[in-house]
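Participant: Return a 3D structure for these sequence lines:
(chains A and B)
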2 protein chains.
Amino acid sequence: MTRQNRALRRWRSQKVAAARAARNTPKGLPVSPLAPAGGFPAIPPIAGLRLAATAAGVRYQGRDDVMLAVMDPGTVLAGVTTSSATRAAPVLDIEAKLAGPAHGDGGAAFLVNAGNANAFTGGTGMQSVEELVTATAAATGVAPERVLTCSTGVIGERLPHERITAALGGLEAALSPEAWAPAAAAIMTTDTFPKGAVRQVDTPDGPVQIAGFAKGSGMIAPDMATMLVFLFTDARISQPALQTLVSQSVPSSFNAITVDSDTSTSDTLLMAATGQAGSDLDAAPSAMEGFAAALSDLMQDLARQVVCDGEGASKLITIDVTGAADDADAHRAAMAIANSPLVKTAIAGEDPNWGRIVMAIGKSGAAADRDRLSIRFGEIEVARDGWVSPEYREEDGAAYMQRSEIEITVALGLGAGQARVWTCDLTHAYISINADYRS
Amino acid sequence: MTRQNRALRRWRSQKVAAARAARNTPKGLPVSPLAPAGGFPAIPPIAGLRLAATAAGVRYQGRDDVMLAVMDPGTVLAGVTTSSATRAAPVLDIEAKLAGPAHGDGGAAFLVNAGNANAFTGGTGMQSVEELVTATAAATGVAPERVLTCSTGVIGERLPHERITAALGGLEAALSPEAWAPAAAAIMTTDTFPKGAVRQVDTPDGPVQIAGFAKGSGMIAPDMATMLVFLFTDARISQPALQTLVSQSVPSSFNAITVDSDTSTSDTLLMAATGQAGSDLDAAPSAMEGFAAALSDLMQDLARQVVCDGEGASKLITIDVTGAADDADAHRAAMAIANSPLVKTAIAGEDPNWGRIVMAIGKSGAAADRDRLSIRFGEIEVARDGWVSPEYREEDGAAYMQRSEIEITVALGLGAGQARVWTCDLTHAYISINADYRS
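Facilitator: Residues are numbered from 1 along each chain as shown, chains lettered A, B, ... in the order given. Just a heads-up that it's a prediction; the model follows:
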């Protein structure tokens, strides 16, 4: 071996060692400037639910990385999962269970780890899921078919499930109705803040509560569900009704956000209703309506928080498309704008470059007539009927772009279709996070 | 007005002035590290074609920004244009002409400016095209219906066509069969090097030549055509045959590249055959075959050069997908990998993060079976049958990623569909170019 080859090999192995070390430490990323000012919300207990978090050392050191939620008998479950063709082993297990035994109303448990997605792990992936389910059932007394597991993190490495099963005894002993913030923090990967939300709904027989938390920062372009989202309520509601409400609210919340157009292999949303408070919603239509509205609002809140923690995000962008041929076309145009790297970099640079919005609409595949197209930034009309508005001054656009929350409205002038989506800008920090770290 | 408001307003106007100044100067970007080592190729004259370039000050100062190509009578034309729903005025004019009078074989002229795309400019956009066509016809003696104009640059601003018409006399006087390099340079926007290519084909009646140049660096995800591409040949070929050959070669060349998934409003490819050399190709099948192969090869060459000049590119990435259900599925999967910001940032960071390739396949919509999926980096087998290959060592993957040309092969194991696409990595320089400048 020549001296040059030895030097090259030494350099490479140092580089690999450094990359490995980086992987095994928390990211230490600064908290997103778009994080909620008040921090994680104060969430009261939900009757029939207990939570715990612990550090199992799945991948990260020095932080919690496993979360357990246990629900009492009488709980119904609902969920939606990713449509990725390469979805992870735990997602396949959840799909099978939600289609079958999970439809009952016994107790239930969610076990979630961060650091390893157990995705693209061949046959051993499903073995890991089975080990986790069996051990969780043994520790909590919940039937195995009512234990759902989620994993998030690196793809293609064996999940060291033995580290998690070894921690289950301690997790079970630590279960508490109060542990919302630790549970939300334990499932973070490149997230810079834990995301939680809570709503109350009145029913004839007293108030019910909906609360939940989510994780997600990159690989965010959900399809059918998103990232990991866990929602809980003490409401009394039938399983089919709960599933319907959840499914109805996904298109306008988690399916209406994008950070980077990349869809995760592990996107999962799970909801549990313990049935310990308020009226029987299936028999109380107006309370059901209030519950549906609160659930939808809470899901949008969590979805927006995910965008606010988008990797490298410095601005939250709301895109409204109106006047489309139909709602699907409106969504298509809005998502094309939201996913355009040229639109997102212009906004990062505070450049009111509306020509790039025109470009994105043009490529979206949505029906559009250049000469009917109008664009607004907030209240500022930028373009009307296919050209720059006579009153528009670039100074106004540039001043608007300095805000941390940007609203773009596009009127296509063709029909009644509309859609609203959220995204963030594309900054140097996105490149740094994804070129320099392996998440 | 408060003092704070005055300070804010002053700061804003300074910022706007600085942005305006930046727009009116050439970018001064460093030449892409992926530029061809030999520089712009030496291209011999093509009988019946003359070229010229000049500085008309459309937007940039201190550089050529207008190109004129004039072809002798006997020339046939072919072309393909963007499918964007917001395509620019000159594109609409070209589409109308290629569908009608341009089908003849008189003389022909291409007039091209950089700096302003004449896109989303309402009714004045088409007026500008008409002014340019009329003036070019007058200066060159070519019939107006055989004058095709292209514009590339900023969207949504009126094209100052009077600056171009004022330069036409000088341009016409400067026409020369040799001016390939100046013509290729005059149409650049954020390009860092001019892109040209040349091929020779033997025919029974002597050799013919195909040569051309292209521009494009960002907003590159062509659909039906791309950016601006101008191809010339002295071959004798019928218009329908030429159009067929061009259309056949687009899917595997310009429609097989992506820099940033954003599709331009102005993508146009034009080809002119002057008919002054070699055999009548329509009557010489084997020479036609050779011509078709050379044309396809030249178009792939130019397409790869566009990717090599992708904004901020530091690596050229070739993606082959085999074993797909059909060719369309293979293209879908390959483009999903090529457009994934997470794949592209990983490669920028020289991280052999193949899990992100699995993710991209999963979201692509192409039929895929996780347990039949295999992935190679060059000759290195990374994953086989749905999991990491037993022989794969991350050191090998990391060493491979240090190359400037990366080859990724994905075998889906389902059918006979295949596709090859090219892309580049996503680096900090892409963000800088697009957040800090307006192109």
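Participant: Which strands and helices lie in contact with the longest strand along chain A?
Facilitator: Scanning chain A for the longest strand, with DSSP state E as the assignment, gives strand A:268-280. Judged by 3 or more CB pairs under 8 Å, 6 or more residues apart in numbering or on different chains; DSSP states H and E, strand A:268-280 is in contact with strand A:66-71, strand A:76-81, helix A:89-98, strand A:108-116, strand A:147-154, strand A:208-215, strand A:228-236, helix A:239-249. From N, CA and C alone the C-beta is placed, and that goes for glycine too.
Participant: the domain parsing of chain A - what is it?
Facilitator: Following automatic domain parsing, one finds the domains of chain A at A:49-308, A:316-436.
Participant: tell me which residues form a beta bridge with A:Ile380?
Facilitator: Applying DSSP bridges to A:Ile380 gives these bridge partners: A:Phe377.
Participant: still on that earlier bit, grab the CA positions of the next helix or strand after the longest strand of chain A and hand them over as CSV.
Facilitator: Sequence order places helix A:285-308 as the next helix or strand after strand A:268-280, per DSSP states H and E. Coordinates of each C-alpha in helix A:285-308 appear next as CSV, following Å, rounded to 0.1, in the frame of the first residue of the first chain:
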residue,chain,number,x,y,z
PRO,A,285,-75.2,15.2,17.4
SER,A,286,-74.5,18.8,18.4
ALA,A,287,-71.8,17.7,20.9
MET,A,288,-70.4,15.5,18.2
GLU,A,289,-70.3,18.5,15.9
GLY,A,290,-68.4,20.5,18.6
PHE,A,291,-66.0,17.7,19.1
ALA,A,292,-65.4,17.3,15.4
ALA,A,293,-64.6,21.1,15.1
ALA,A,294,-62.3,21.0,18.1
LEU,A,295,-60.5,17.9,16.8
SER,A,296,-60.0,19.5,13.4
ASP,A,297,-58.7,22.7,15.0
LEU,A,298,-56.3,20.8,17.3
MET,A,299,-55.0,18.8,14.3
GLN,A,300,-54.4,22.0,12.3
ASP,A,301,-52.6,23.5,15.3
LEU,A,302,-50.2,20.5,15.6
ALA,A,303,-49.7,20.4,11.8
ARG,A,304,-48.7,24.1,11.9
GLN,A,305,-46.3,23.4,14.8
VAL,A,306,-44.6,20.8,12.7
VAL,A,307,-44.1,23.3,9.9
CYS,A,308,-42.8,25.9,12.4
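Participant: What residues of helix A:285-308 count as buried?
Facilitator: For helix A:285-308, burial by neighbour count (16 or more other CB atoms under 10 Å in any protein chain shown) applies to A:287-288, A:290-292, A:294-296, A:298-308.
Participant: could you pick out which of those are near chain B?
Facilitator: Among the buried residues of helix A:285-308, no residue is within reach of chain B (CB under 8 Å from any CB of the partner chain).
Participant: Report the spatially closest residue to A:Asp205, excluding sequence-adjacent ones.
Facilitator: Spatial nearest neighbour of A:Asp205, chain neighbours left out: A:Ser279 (4.2 Å); criterion: CB to CB, 6 or more residues apart in numbering or on different chains.
Participant: repeat for A:Cys308
Facilitator: In space, and not counting its chain neighbours, A:Cys308 is closest to A:Leu34: 3.7 Å by CB to CB, 6+ apart.
Participant: repeat for A:Met71
Facilitator: That would be A:Ala108: by CB to CB, 6+ apart, it lies 4.4 Å from A:Met71.
Participant: ditto for A:Pro144
Facilitator: Spatially, and ignoring its direct neighbours in sequence, A:Pro144 is nearest to A:Ala137 (4.3 Å; CB to CB, 6+ apart).
Participant: Likewise for A:Arg376?
Facilitator: Leaving aside its sequence neighbours, A:Arg376 sits nearest to A:Thr409 (CB to CB, 6+ apart; 4.3 Å).
Participant: A helix includes the one you found, no?
Facilitator: No - looking at A:Thr409 with DSSP: H, G, I helix; E, B strand; the rest coil, it is strand, so not inside a helix.
Participant: I'd like the distance between it and chain B.
Facilitator: A:Thr409 is 17 Å from chain B, where distance means CB to the nearest CB, to the nearest Å.
Participant: got the angle between the longest strand of chain A and strand A:147-154?
Facilitator: What separates the directions of strand A:268-280 and strand A:147-154 is an angle of 140 degrees, with axes from the mean of the first three to the mean of the last three CA atoms, to 10 degrees.
Participant: Can you name the residues in contact with stretch A:41-50?
Facilitator: Under the contact criterion CB atoms under 8 Å, 6 or more residues apart in numbering or on different chains, stretch A:41-50 has outside partners A:69-72, A:74-75, A:175-180, A:196-198, A:209, A:211, A:232-234, A:272, A:274-277.
Participant: Could you do stretch A:286-305 as well?
Facilitator: Residues contacting stretch A:286-305 (CB under 8 Å, 6+ apart): A:36, A:195-204, A:208, A:210-214, A:226, A:229, A:231, A:233, A:235, A:237, A:241, A:245-246, A:248-250, A:252-254, A:256-257, A:278-279, A:281-282, A:316, A:422.
Participant: Report the buried residues of the helix or strand where A:Asp396 lies.
Facilitator: Applying DSSP H and E as the criterion places A:Asp396 in helix A:394-400. Neighbour-count burial for helix A:394-400, counted by 16+ other CB under 10 Å, picks out A:Asp396, A:Gly397, A:Ala398, A:Ala399, A:Tyr400.
Participant: ok, how many other residues are close to the residue nearest to the last one when sequence neighbours are not counted?
Facilitator: For A:Tyr400, the nearest residue in space outside its immediate sequence neighbours is A:Phe377; the separation is 4.7 Å by CB to CB, 6+ apart. With neighbours defined by other CB atoms under 10 Å in any protein chain shown, the count for A:Phe377 comes to 22.
Participant: So A:Phe377 versus A:Ala143, what's the distance?
Facilitator: 54 Å (CB to CB, to the nearest Å).
Participant: now swap in A:Trp354 and tell me
Facilitator: Distance of A:Trp354 to A:Ala143, computed by CB to CB: 56 Å.
Participant: With neighbour numbers in mind, choose between those two.
Facilitator: A direct count of neighbours by other CB under 10 Å for A:Trp354 and A:Ala143 places A:Trp354 higher, at 24 against 17.
Participant: ok so, going back, next up, the contacts around the residue nearest to A:Tyr400.
Facilitator: A:Pro352, A:Trp354, A:Gly397, A:Tyr400, A:Met401, A:Ile406, A:Glu407, A:Ile408.
Participant: Need those residues in JSON lines (columns: distance to A:Asp369).
Facilitator: Converted to JSON lines, the contacts of A:Phe377 look like this (distance: CB to CB, whole Å):
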{"residue": "A:Pro352", "distance to A:Asp369": "23"}
{"residue": "A:Trp354", "distance to A:Asp369": "17"}
{"residue": "A:Gly397", "distance to A:Asp369": "23"}
{"residue": "A:Tyr400", "distance to A:Asp369": "26"}
{"residue": "A:Met401", "distance to A:Asp369": "27"}
{"residue": "A:Ile406", "distance to A:Asp369": "25"}
{"residue": "A:Glu407", "distance to A:Asp369": "23"}
{"residue": "A:Ile408", "distance to A:Asp369": "19"}
